[in-house]
Each structure stands twice: as C-alpha cells, then as structure tokens.
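Undergrad: Please find the sequence and the predicted model below.
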Amino acid sequence: MTFIDLENKGTIFELEGGGSVELRVSTPELWKDINKKTVTKKIVYNKHGRFIEEEKDDDIQSEMLWDFCIVSWKGLYSDKECKKPILCNRENKILMMNRSLKFSSFIAAKITELANLEQEKEASAEKN
C-alpha cells in the first residue's frame, strides 16, 4: 500500500538574521491554471498558411507562482526598529520578490531545494 499526500503543505525555512518563510512547490495542476489565465492564443495567417501563436504574460505568471509558493512568513519588518511587520499577502509577496534581491534569491534557492527533494522522494518511491 502506498500513502499519497494530497495536501502539499509548506516547509518552514529560517532566514539569516531572523524571521522565517513557509514555502511549497507548485503542482502540475497549478501550472495548468496559471497557463489558462496568462496564455492567449491567436490565429495568424501568412503566405505559408495558418498558424497559432501563443502570447504569455510572464509577469502575471511569476506573481501567481509566488503567491502560491510563499505560504506565509514571520519576523519580516519594514523598518530597522522592527516596529512595522510586513503582512504576508499577495501584494507584499510581489513587492518583496521584485524589490529585494536577497529575499528573491533566498526564495528561489529554497523552492529549488524543495523541488529536488520532491523528485528524490518520487524516485525513491518508484524503486520500492
């Protein structure tokens, strides 16, 4: 019997200097949904025939992915005195990913780490 976890819960990572971020990896279902919302197809005619061209909005795709993958955070502040906590909402996730190289690099590295762990788990489960 094989146990399959359908919840896709987050994993908490500690930030250097304090604070933590809870992250999860994207799913194929999420990518389908993102593509459905951000890719438009149009028919183009030229002397060689009829073709379908796809146009995608990379910015919105990234924003939707960030909103899904960043589940929550704690201990992030907008001032040095740590008086104004940064709320974890879609708008602030996008702001942090666009304006903080340190934060976006951390998120990218940890999402890659999580994705690699998921692949290892799947490969191990297939062997058994």
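TA: Nice, thanks for sending it over. Everything quoted here is computed from the prediction, not taken from an experiment.
Undergrad: in a helix, that's where residue 36 is, yeah?
TA: Yes: when DSSP: H, G, I helix; E, B strand; the rest coil is applied, residue 36 is found to be in a helix.
Undergrad: Which pLDDT value does the model give it?
TA: Turning to residue 36, the model gives it a pLDDT of 91.
Undergrad: Then residue 60?
TA: Confidence at residue 60, expressed as pLDDT, is 94.
Undergrad: host element of it?
TA: Residue 60 is located in helix 58-69, with elements delineated by DSSP states H and E.
Undergrad: That helix: which residues count as buried?
TA: Taking 16 or more other Cβ atoms under 10 Å as the basis for neighbour counts, the residues of helix 58-69 that come out buried are 61, 63-66, 68-69. Yep, even glycine has a C-beta here, placed from its N, CA and C like the rest.
Undergrad: in the helix or strand following it, what's buried?
TA: Remark: after helix 58-69, the chain's next helix or strand is strand 70-74, criterion DSSP H and E. Of the residues in strand 70-74, 70-71, 73 count as buried by neighbour count, 16+ other Cβ under 10 Å.
Undergrad: For residue 51, give me its contacts.
TA: Contacts were defined as Cβ atoms under 8 Å, 6 or more residues apart in numbering; by that measure residue 51 touches 43-45.
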